[in-house]
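Engineer: Have a look at this prediction, sequence included:
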Amino acid sequence: IEIYNEEVRDLLVSGGETRTLAVREDPIRGVFVNSNETIVTDPESLSQVLFSGEKNRMVASTGMNDRSSRSHTIFRITVESKKREKSSESEDEDSDRKNESNDEENESSKEKL
């Protein structure tokens, strides 16, 4: 989101559409706005979303810079993780290793007899 001239705008709205957001307050959630959220699964996708939001920011030239920001921007990133389950390939590899180990133990037992 972007705060510019006392208005809150959603930077992830595409198509040149300007969307002003209402600032709300809730006793449980606190202060919030209903803005777009995008789920990404890798760093490249995250960069694409950040750059698309950056393109929609309000900028203008000044005496010092050709492209100067006229706003404050808030990017909220929530990182979630979960334990990966073993794929069938890695389970097969584990099974092969166990079988090899059992074969070696059996050979070793036969030699002792």
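Structural biologist: Received, thanks. As the structure is a computational prediction, the values presented were derived from the model and not from experiment.

Engineer: and the strand or helix carrying residue 49, which residues are buried?
Structural biologist: Assigned by DSSP states H and E, residue 49 belongs to helix 43-55. Judged by neighbour count (16 or more other Cβ atoms under 10 Å), helix 43-55 contains these buried residues: 49, 53. Placement of C-beta: from N, CA and C, glycine included.

Engineer: Could I get the average pLDDT for that helix?
Structural biologist: The predicted model gives helix 43-55 an average pLDDT of 89.

Engineer: what's it packed up against?
Structural biologist: The contact analysis (3 or more Cβ pairs under 8 Å, 6 or more residues apart in numbering; DSSP states H and E) places helix 43-55 against no helix or strand.

Engineer: Can I get that helix as PDB, trimmed to CA atoms?
Structural biologist: Taking Å, rounded to 0.1, in the frame of the first residue of the first chain, the C-alpha atoms of helix 43-55 are listed here in PDB:
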ATOM      1  CA  PRO A  43      12.000 -15.400  -4.500                       C
ATOM      2  CA  GLU A  44      11.500 -14.600  -8.200                       C
ATOM      3  CA  SER A  45       7.800 -14.300  -7.800                       C
ATOM      4  CA  LEU A  46       8.200 -12.100  -4.700                       C
ATOM      5  CA  SER A  47      10.500  -9.800  -6.700                       C
ATOM      6  CA  GLN A  48       7.900  -9.600  -9.500                       C
ATOM      7  CA  VAL A  49       5.200  -8.600  -7.100                       C
ATOM      8  CA  LEU A  50       7.400  -6.000  -5.400                       C
ATOM      9  CA  PHE A  51       8.400  -4.500  -8.800                       C
ATOM     10  CA  SER A  52       4.800  -4.300 -10.000                       C
ATOM     11  CA  GLY A  53       3.900  -2.400  -6.900                       C
ATOM     12  CA  GLU A  54       6.900  -0.100  -7.300                       C
ATOM     13  CA  LYS A  55       5.800   0.800 -10.800                       C
END
